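Peer 1: Show me how the following folds:
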Amino acid sequence: MRADRNRLAMLRFYDAINAHDLEAVADCLAADSIAHGIPARLGPTREGYLQFVQTAFEAFPDLRYEALDVIADRAWVAARYRNTGTHEAAFMGVPATGRPVRLSGGDFCRFDDDGRIVAHWAYTDNLELLQQLGVLAEDTLG
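Peer 2: A predicted model of the protein is given here:
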């Protein structure tokens, strides 16, 4: 069943990230994959997404994703995750802080007939990230 295959493909995507295996991450993406939710300067392309992931691997050498919920319906997969890591190098303009981070987020992906991601929307609370890195005060919004 297509939904089951795509659910497993999503879990392989997270496994590739957890292994910090950029080639395996690339194998999870269709050649014309579009990535939403990454810095605009990288562009929403497969190459832009892979550049973003490589930067994340360097900035958080112990980066891990834990899939909390993965729900699939035909070509679509929605996943809720928790990621953790230690900020050891510059990331999105923030110099290394040595601080641990623990964030929740979600991915919504559309898969092609070969089980590769053709469209990816990523949602993470960047305000929470900046607070955990000490860039913004915990009570920034009140």
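Peer 1: got the end-to-end distance for stretch 14-25?
Peer 2: 8 Å (CA to CA, to the nearest Å).
Peer 1: Other residues contacting it?
Peer 2: 12-13, 27-28, 50, 53-54, 57, 61, 63-65, 67, 79, 81 (CB atoms under 8 Å, 6 or more residues apart in numbering). In short, each C-beta sits where N, CA and C put it, glycine included.
Peer 1: Drop anything exposed from those.
Peer 2: Using 16 or more other CB atoms under 10 Å as the burial test, these include 13, 28, 50, 53, 57, 63, 65, 67, 79, 81 as buried.
Peer 1: so what's the second one closest to, chain neighbours aside?
Peer 2: Read that as residue 28. residue 13 (4.4 Å; CB to CB, 6 or more residues apart in numbering).
Peer 1: wait, residue 12 sits on residue 28?
Peer 2: Yes: look at residue 12 against residue 28 with CB atoms under 8 Å: they come within range, at 6.3 Å.
Peer 1: Distance of residue 74 relative to residue 111?
Peer 2: Distance of residue 74 to residue 111, computed by CB to CB, to the nearest Å: 9 Å.
Peer 1: more neighbours, those two?
Peer 2: residue 111 (26 against 11; other CB atoms under 10 Å).
Peer 1: which residues sit in contact with that one?
Peer 2: Contact analysis of residue 111 by CB under 8 Å, 6+ apart lists 6, 9, 75, 76, 77, 117, 118.
Peer 1: No further questions, thank you.
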